[in-house]
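S.K.: Fold the stuff below for me.
(chains A and B)
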Amino acid sequence: MQLERAHSWKKLGVQCLLLALPTIFFAFAVLLKLNANYIILQDQWIYQGIYFSIGVLLSLLFYSWRFRFISTALVLALFYFIGYKILEKLAVGEFDMFFLSVQYLIFAFIFSIGWLVGFGFSRWRFFTVFWVLFLLAIEIIIVSKMTTVTAGAIVLGFVPVLIYTFYIIYTSELVRNLNEHQSSFRWYLTKRVGGFFGVVVVIFAIIFYIFRKDFAGIENAWKKVESHYNNEQPNSQRMTKVNRDGTLSSTGQMPLSGSLNKTKQLVFVAHLNNFFADGTTQNPLYFTSDYYTKFDSVTQTFATDTLRPFNDLFSPDPSRISLFFTKTDSSVIKNALATQSRRVVEADIYKVALSPSDYLAPSTAFSVQPIPVPYEYTDQYTSAYHAKMWVSDLNSAYFVYNPAGNTILEDFQKTRYDLLRSDSNYVGIDSEFLDYYTRMPEGKSYQQIIQLADALTSGDSTNMDKMLAIRDYFLSKDEFGQPLFQYSDNPGEPGLPGANKLAYFLFDNRKGYCAYFAGATLFMLRALHIPSRIATGFLTVDRSSKNPGWYWFYEDQAHAWVQVFFKGYGWIDFDTTIPDVNTQQAPQPDGTPPLGTQKVSFVADGTIEKIDTAKKRLILTPSKILFKDKNFQAVDQPDLRLNIAFAKIAADTGLVNFDVLTKGMHITAASYDESIGKIPFQKVTDTAAYIIDHLQQPIPIDEIKIIKDNEPKNTGNNIDLSYLQNFQWLWILIGIALFALLIVILIILSPWLIWQLFNLRAGKNLHFAQRAILYFLNQMGYPRDNQAPEFFAGHIDDQFDTHLSMFTRIYQKEKYSAHPLTSEERQEASRFYKPFIKTLKEQIPWKKRVVLFLNFYHTLHFFIKNP
Amino acid sequence: MQQKVSIRKTLKQLGFYAPITGYFCLFLIGSALCFAWLKNQPRLPDTPFHDIFVLLLKITLYISCTFLLLALISVAISWVYFNYKRKRQEIEFRISTRPFDTPYQPIELKLYPVLRPVLGYIKLRFVYDNGTFSDKIQLVEDEHANWFNQYLDGFYDWKIDAIREYRITSVIIYFEDFLQFFSIATNLPSSERFYTPPQTTASRSISATPRNTETRVHRIDKMRKVKGDLLNYKRFESQDDIRRIVWKIYARSRELVIRNPEILEPYASHMYLYVSFYSKYTNLHNEVINEPFLNFYKNNVWNIYKSLSREQTEIRWVSDQPEKAVTFDSHPIKEEEIKHLIALSNWQDNKDVLNFVQTKNAAVVVISSLTNVRQVEQLVQEFGREITFILVPLSECIGKQSLGSWFQWFFLQEEKNKQARYKSKWAVSILRKELLKNEKALNKILNTIS
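M.R.: Numbering: from 1, shown residues only, chains lettered A, B, ... in the order given. Take a look at the predicted model:
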């Protein structure tokens, strides 16, 4: 067997240096990233990189001889197999074997990729294109999923692969074009590779300069987000969702999934002015964000329902309400259907990671007033609001959590249970309301839940006792003295897909997180025809801090619980989730609360008319003003001159710079200047005009808040969406088809069009006439090719009885002879062309002519032979 | 007379002028596939994934377009510049070949002025023998030359298999960009001729005896040694050729003498080598007979000639090529001319062995496996003892398809010449059996001699 070389040793060296080496470097980098993301790779990127390198280099060396790929790859596979068999013999123990076989598979896979790449570089020209494009696509995805979103990280992550792509396309062709007969490549390659990098630097600099704003934009928009692409298991959920700006919001739904993800992120801090009867002991209340009254039994998901009857959820968007102005909805108080033991409680909420649009407050909230964050705390809190709630005296966070030995609390519980026991029927309550809040899905597994509920509450007559019985069931112990139920963030799922997860939780697994306890409680209550619903929000933990009334809310406090409706007392919170031992053991060290809110004397809300950046003044067209806590409409009032030199400018996301303010922007400007409050206040027909008139302008402003107007959300996102998703493929296809049709028609007609051009030019001189004649004859199937002109003309004359020979003779004379043509010759030649074509046309029937003119190959042949 | 044009050939030739390369098409297809795949990626709401993703896609698109644009523009400028210069007839173009004795024909080429595409290539394709296209090649140039020089000056070692004469009718010049995506071509006419010589391989010893006796006139080199010695001279007589007067002697002695011509007439001084290109199967010939077999035969006869010439100085090459017969009578035979003659030779069917071989003087007769058995038999019967017959077994050119060769085929990819194609074509050829039979018969006859 004679081994021939496909490449010389010299060329092999160049391939290793210019193609293999950069690829190996690149592979190391990719493997490093992949190892960071996939545990199965066991963080052995160095070994894997070495496997790849050996694969590439060996393959390059091997295929520099003329070996075929497929047959040799089969031999390689055989070697793998033999290697595996040997490994099987060597390994002792099952675990050893498993570990080794995983290692061996990784080795075989990576080595094979290296082997394929080596072959591609060596012998398979078209491989390189697919290889680099594939890598580019993979890297686009990897880089897009990077966790720390900064412009620098994106650029650093992406530029190498982009350079690598074009470098390999360029270099593989450069190496392929190397002439083996060249004595040395050194200088040639240095120049070309150097030149390429020069071009790359220029192009990349320009393009990345153009896109610098987009990078900065993405960095600003997402820098606060800790992306969780990889540590989220496929079947897991979070109680909150992370927004684009890194803030947290309610998810709007709650599926029952295999595991729960939580973080220790501080979401907000609140001051709640709710105390027990003694006036000093704090009575913490759960902060509600939403009610889940709908259950989808197919996906087993609890969700919010905007069409629920007697909607008592107040959900304003605080970011769209002007600073210090209050928004109130009294209908929620009416819908709360609570008249007994209720009073108004106030709370101040300072947002940290909570979305500016979100509103959370203990139920039943009815009022919101955005307030500024005190200056010293602006780096901790993004925005704040003041909330008012219609709160039941009987409501409390304490139900499952019952600090033992606290007499006040024990008394409170006893009192409220007794009160709630007093009324246990729903006579006079709207039947639609009762139907809606006691609805239960059909099915065998739900029947089981009903039976359980009946069994648990067989001895209880009142709704309160039933509720307590259910709680006690969750807290009960089994025959071995162990707790029957356990809290778990990873309860797992029933083996059978689609099986009822709540039944699995209640009867088999008995492990779960809040959604399971709340869901199970809800359906047991509803089985007993007690109106109930799931509330979500944050559970409030009284950490007995030095600041009474202040509570800290972390992401892992996002919670779901049950609310039970009692006639006259309305909805009361009951949390049946048994304590999670882990969370209890590690309380968060809380910080200092934002104290020291100043009293505001004047607030103006409106749009910016003009900004003077030098003097830091602005002119505001007011729409409403607030003076001495009183709100006045200020439409059609003269513009206000504001001095904003010392103003703190805030957006929903925190403090911003002065230059963010633009003309036409909706802002609220507040002044704490006490002297303003000193103007004598009189109630007149147009109070706003009176106040503005008496103000000393420019008004010194301390606080400016930029208000989001109700513009369509995420317009930018929609554009991006259409960029990829709403691509008008159909129209593009039709366009391409039409274009292709046009091209086809042009191609079909082109022989005839070319003939028209030739015919047009034929009158100019003998040369063009001769070319036109040759073209026409060629198209009619009489190409001249390599025949002598006279010989060819003779044949044509014989065939068609023409005088082409005469014309050819004159033409040749004009072209080659030193003697000029005589006038007779000139005349003869000029008279020749038209009758000649006419004679041909007469002798070749037009149908045949048409068919012959459609033959594009004749035309091509003509131009190849007569360029 | 109406002619048909080969669609396949025309399309292939048209492909040589296509302004974009297959590589580019592949790049487009690959990009489209990647884009389709990326488009189907889940959007992962509430993560920065989509924003970064779209930005990266955009940048990739921009950078790709910039590269493509740069490539296209640089190629287009070079092409336009060249054609502008050509229109103004300012192009200098020279192509030359020189004799060679390796499998590579060196072709030297000079072209001025050209503008090289940025980091790109200028490649060539030779069109020879009326419409056969060579591979696309790149000249070997001085690697230290200035980047922006306008001279395309270099050589290319063209590997040519067939031993025959070539005429380069035109050269296609391709301006190609650095990514090899665009390739704009232009055609330059040329009229360079060259021939590929047969290859010299290991020589073998051939026993043959010269049979022809030729009379030759020798010049007497020696002057007379002794005064008055006129052994080789005679007095000038009026009918003698005055050109034969020895003026030296006249100068000394005032005698007009002429040389006696010395006639050399050794027995059987000359060896006549008859090389027959006769084939009795011309109507069955296919590509295999006309190319690899002919080359094989040409190489063999050349090596036979070389072997003979090593032992015998007086060799006469007798050709049976009708039109291209070269007479060697008037001057000594040069090896170059023999090579050229071999290159020009072709199978023929009008001069069979009997008509061709002059039995009086033939010393060596070289025949191929395509020769008529009966005629050879007749010759051998009559002159088997005097004339040496050499059979070139053409079947040896393409070896048997043994198990080993299958094994080799399975693991090794042969160089991209036509060898493999010839092999399979020959394996199914109708002529194969006939030829093998003929060859066997010829061998048998020739073996009867000894």
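S.K.: does the longest helix anywhere in chain B come close to chain A?
M.R.: Longest helix in chain B by number of residues, with DSSP state H as the criterion: helix B:49-87. Yes - with C-beta under 8 Å from any C-beta of the partner chain as the threshold, helix B:49-87 lies in contact with chain A, specifically through B:49-60, B:62-63, B:66-67, B:70. For glycine as for every other residue, the C-beta is placed from the backbone atoms N, C-alpha and C.
S.K.: in its sheet, what does the following helix or strand past that helix sit against?
M.R.: Tracing the chain past helix B:49-87, the next element assigned as helix or strand by DSSP states H and E is strand B:92-97. Paired strands of strand B:92-97, with direction, are strand B:104-112 (antiparallel) (DSSP bridges).
S.K.: Extract the CA atoms of the very next helix or strand once past the strand it pairs with and return them as CSV.
M.R.: Along the chain past strand B:104-112, the next helix or strand (assigned with DSSP H and E) turns out to be strand B:121-128. C-alpha atoms of strand B:121-128 as CSV (Å, rounded to 0.1, in the frame of the first residue of the first chain):
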residue,chain,number,x,y,z
TYR,B,121,-5.8,36.8,-4.6
ILE,B,122,-5.4,36.9,-8.3
LYS,B,123,-5.9,33.4,-9.7
LEU,B,124,-5.6,31.9,-13.2
ARG,B,125,-7.2,29.2,-15.2
PHE,B,126,-5.7,28.1,-18.5
VAL,B,127,-8.0,27.3,-21.4
TYR,B,128,-6.1,24.9,-23.7
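S.K.: Can you give me the pLDDT of A:Phe565?
M.R.: Taken from the predicted model, the pLDDT recorded for A:Phe565 is 90.
S.K.: now B:Ile59
M.R.: 91.
S.K.: can you tell me which residues contact B:Leu152?
M.R.: For B:Leu152, the residues meeting the contact criterion (C-beta atoms under 8 Å, 6 or more residues apart in numbering or on different chains) are B:109-112, B:114, B:122, B:139, B:141.
S.K.: so how far is A:Asn179 from the residue nearest to the spatial centre of chain B?
M.R.: Closest residue to the average C-alpha location of chain B: B:Thr196 at 2.7 Å, with C-alpha atoms, centre = their mean. In this structure, B:Thr196 and A:Asn179 are separated by 20 Å, where distance is defined by C-beta to C-beta, to the nearest Å.
S.K.: export the contacts of B:Leu152 to JSON lines and tack on pLDDT?
M.R.: Output for those, formatted as JSON lines (pLDDT from 0 to 100):
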{"residue": "B:Leu109", "pLDDT": "88"}
{"residue": "B:Lys110", "pLDDT": "89"}
{"residue": "B:Leu111", "pLDDT": "89"}
{"residue": "B:Tyr112", "pLDDT": "87"}
{"residue": "B:Val114", "pLDDT": "90"}
{"residue": "B:Ile122", "pLDDT": "91"}
{"residue": "B:Leu139", "pLDDT": "86"}
{"residue": "B:Glu141", "pLDDT": "84"}
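S.K.: Packing partners of the longest helix of chain B?
M.R.: Packing partners of helix B:49-87 (3 or more C-beta pairs under 8 Å, 6 or more residues apart in numbering or on different chains; DSSP states H and E): helix A:125-144, helix A:151-176, helix A:186-210, helix A:212-222, helix A:715-724, helix B:22-39, strand B:165-176, strand B:183-195.
S.K.: Neighbours of the closest residue to A:Met254 other than its chain neighbours, how many?
M.R.: Spatial nearest neighbour of A:Met254, chain neighbours left out: A:Phe302 (4.4 Å); criterion: C-beta to C-beta, 6 or more residues apart in numbering or on different chains. Neighbour count for A:Phe302, taken as other C-beta atoms under 10 Å in any protein chain shown: 24.
S.K.: what's the answer for A:Asn273, then?
M.R.: One way to gauge burial is a neighbour count; for A:Asn273, by other C-beta under 10 Å, it gives 15.
S.K.: so where do the strands sit in the stretch 251-400 of chain B?
M.R.: In the stretch 251-400 of chain B, the strands defined using DSSP state E, counting those that start in this stretch lie at B:257-259, B:262-264, B:271-275, B:315-319, B:362-368, B:388-392.
S.K.: gap between the longest helix of chain B and the chain center?
M.R.: 42 Å (C-alpha atoms, centre = their mean, to the nearest Å).
S.K.: Buried residues in that helix, which are they?
M.R.: For helix B:49-87, the neighbour count (16 or more other C-beta atoms under 10 Å in any protein chain shown) marks B:49-57, B:59-60, B:62-64, B:66-68, B:70-72, B:74-76, B:78-79, B:82, B:85 as buried.
S.K.: now do stretch A:459-468
M.R.: Buried residues in stretch A:459-468, defined by neighbour count with 16+ other C-beta under 10 Å: A:460, A:462-468.
S.K.: Pick the one among the residues you listed closest to chain B.
M.R.: The shortest distance between chain B and any of these, using C-beta to the nearest C-beta, involves A:Met467 and amounts to 36.2 Å.
S.K.: if I pick the closest one, what's in contact with it?
M.R.: Under the criterion of C-beta under 8 Å, 6+ apart, the neighbours of A:Met467 are A:525, A:530, A:564, A:574.
S.K.: State the distance from the third one to A:Ala688.
M.R.: Translated: A:Val564. Taking C-beta to C-beta as the criterion, A:Val564 is separated from A:Ala688 by 47 Å.
S.K.: Which residue lies closest in space to A:Asp508, excluding its sequence neighbours?
M.R.: Using C-beta to C-beta, 6+ apart, the nearest residue to A:Asp508 is A:Pro494, at 7.2 Å.
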